[in-house]
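Peer 1: Here's my sequence, what's the structure:
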Amino acid sequence: MSLFISLEGPDGSGKTMQLDLLETALRDAGYDVLRSREPGGTAISEKIRDLILDPANREMDPRTEAYLYAASRAQHVAQLIRPALAEGKIVLLDRFVDSSLIYQGLGRGLGIDEVAQLNSFATGGLLPDVTFMVYIDYEEGLRRKLSQANHTLDRLEAEESSFHRMVNLGYLELTGRYPERIRLIDGARDPRTVHEDILQQTLALLAENS
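Peer 2: Next comes the predicted model:
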C-alpha cells in the first residue's frame, strides 16, 4: 500500500531529524520506504539544486527561481516518486510543493495561487497524502541554526531576516489554507515527543488505508 508523506517546516524546525526518525521506525516495522529530498532526488534534480542554492547566484530572478524549483520537481516526480508509489512504497519527502508556495509564492511575492498552478503542471497535480508541518517560531529557528557547527548558509538561508520572518508566518497561513492535508506539529517540544506524534499519526493513516 502506497502512502506519500512530506515534511515541511521553517529552517531549524528539526524536520530533517524527524524524517530520519520516521524512516527508521517505518523500516523497522517492515514497510517498504523511499526517502528523498527537494530540491533534488535524481541526478538531474540535484544539478538544478546546486544551481538554485549556490550563493554566487544572487542575481537570480524570483520567477527563474520558481521555474527551477518546478523543473527539479517535475523530474523528481516522473523519475522517482510516481514509480515508487506505483510499486506500493511509502514515500517520505523532505519538502515538496508547499515549500515553493511559501518561499516563492509568499517570500518572493509571486503569489500562492500562481506558484501552485505552475507546480500543478510540473507534477501532474500530484500532492502528498499528508504533510506534517513541523513549526517553530522564527527566533527559536534562528537560535538553532546559529548553534549548528560548521554550517555554511546557502543562497536562500543567507536572505535577510525580514524574508525569513515572512516565510515563517507563511507556514501557518498555508496550514490554514489546506487543513485537510497539512497537519500542524509543534516542533518546540522534545524531539522524541515530536517523533511519537508524527509516527502515531502515520501509523493511523496506514491502518485506515490497509
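
Peer 1: Tell me, how many residues neighbour Leu169?
Peer 2: Leu169 is flanked by 15 other residues according to other C-beta atoms under 10 Å. From N, CA and C alone the C-beta is placed, and that goes for glycine too.

Peer 1: residues touching it, list them.
Peer 2: Contacts for Leu169 (C-beta atoms under 8 Å, 6 or more residues apart in numbering) come out as none.

Peer 1: Need phi/psi at it.
Peer 2: The phi and psi values for Leu169, taken as degrees, to the nearest 10, are phi -70, psi -30.

Peer 1: Just want to check the distance between it and Tyr178.
Peer 2: 16 Å (C-beta to C-beta, to the nearest Å).

Peer 1: Do you know the pLDDT at Gln148?
Peer 2: Listed pLDDT for Gln148 reads 64.

Peer 1: Tell me which stretches of the protein form strands.
Peer 2: 3-8, 33-37, 90-94, 130-135, 182-186 (DSSP state E).

Peer 1: Please identify which of those is closest to Leu68.
Peer 2: strand 33-37 (15.5 Å; C-beta to C-beta).

Peer 1: Next, the angle strand 3-8 makes with that closest one.
Peer 2: 30 degrees (axes from the mean of the first three to the mean of the last three C-alpha atoms, to 10 degrees).

Peer 1: quick one: average pLDDT of strand 33-37?
Peer 2: Averaged across strand 33-37, pLDDT comes to 98.

Peer 1: Give the other helices and strands that it contacts.
Peer 2: Helices and strands touching strand 33-37, by 3 or more C-beta pairs under 8 Å, 6 or more residues apart in numbering; DSSP states H and E, are helix 15-28, strand 90-94.
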